[in-house]
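**Student:** can you look at this prediction? I've put the sequence above it.
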Amino acid sequence: MTNNALTLGPLLLPYAVLLVFAAAGIGMLVGRRVGKRNGVDVEGTLWNAMLVGAVVARLAFVLEYKTLYFSSPLSIINIRDGGWNATAALAGMRTSISSSSTRARSAPRLRVGCTPGSCNRATC
């Protein structure tokens, strides 16, 4: 019998999900370093992406086995069964990052330090 999950007491975490979150953690470290260099904060976006990925992964698994979970709805929040869908987690994380970058691009940019008549297009 192969064990495809890490067991921590009553908690069962599949290696595929752990790999996704390890990659996200490494991405957060790299994003923080690159973001500091460019003056951009990406940490909040990456935390949101990981949260969305976890929720989407669980919901996708629950929907896959909906007959079992809908017969006892409280079992949906019991994550000890190891029910995660890694592909859905990646899709949820990608969608979250895409939507936050779209919002960031469409947000108006504030010009700091410019007063009417003194604004130089090269500096503002």
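**Tutor:** Right, received. Where do you want to start? Residues are numbered from 1 along each chain as shown.

**Student:** relative to residue 96, how far out is residue 61?
**Tutor:** Here residue 61 is placed at a distance of 18 Å from residue 96 (C-beta to C-beta, to the nearest Å). Every C-beta, even on glycine, is put in place using the N, C-alpha and C of the backbone.

**Student:** and the helices in the protein, which stretches?
**Tutor:** Residue ranges of the helices in the chain, as given by DSSP state H, are 15-38, 43-64, 66-71, 86-106.

**Student:** closest to residue 9 out of those?
**Tutor:** Across the helices of the chain, residue 9 has its closest neighbour in helix 15-38 (15.6 Å, C-beta to C-beta).

**Student:** so which of the helices of the chain is the most packed in?
**Tutor:** helix 43-64 (a mean of 18; mean count of other C-beta atoms under 10 Å).

**Student:** looking at residue 55 now. What's its pLDDT?
**Tutor:** Here, the pLDDT recorded for residue 55 equals 92.

**Student:** gap between it and residue 86?
**Tutor:** With C-beta to C-beta as the criterion, residue 55 and residue 86 are 14 Å apart.

**Student:** kindly report the same for residue 68.
**Tutor:** In terms of C-beta to C-beta, residue 68 sits 20 Å off from residue 86.
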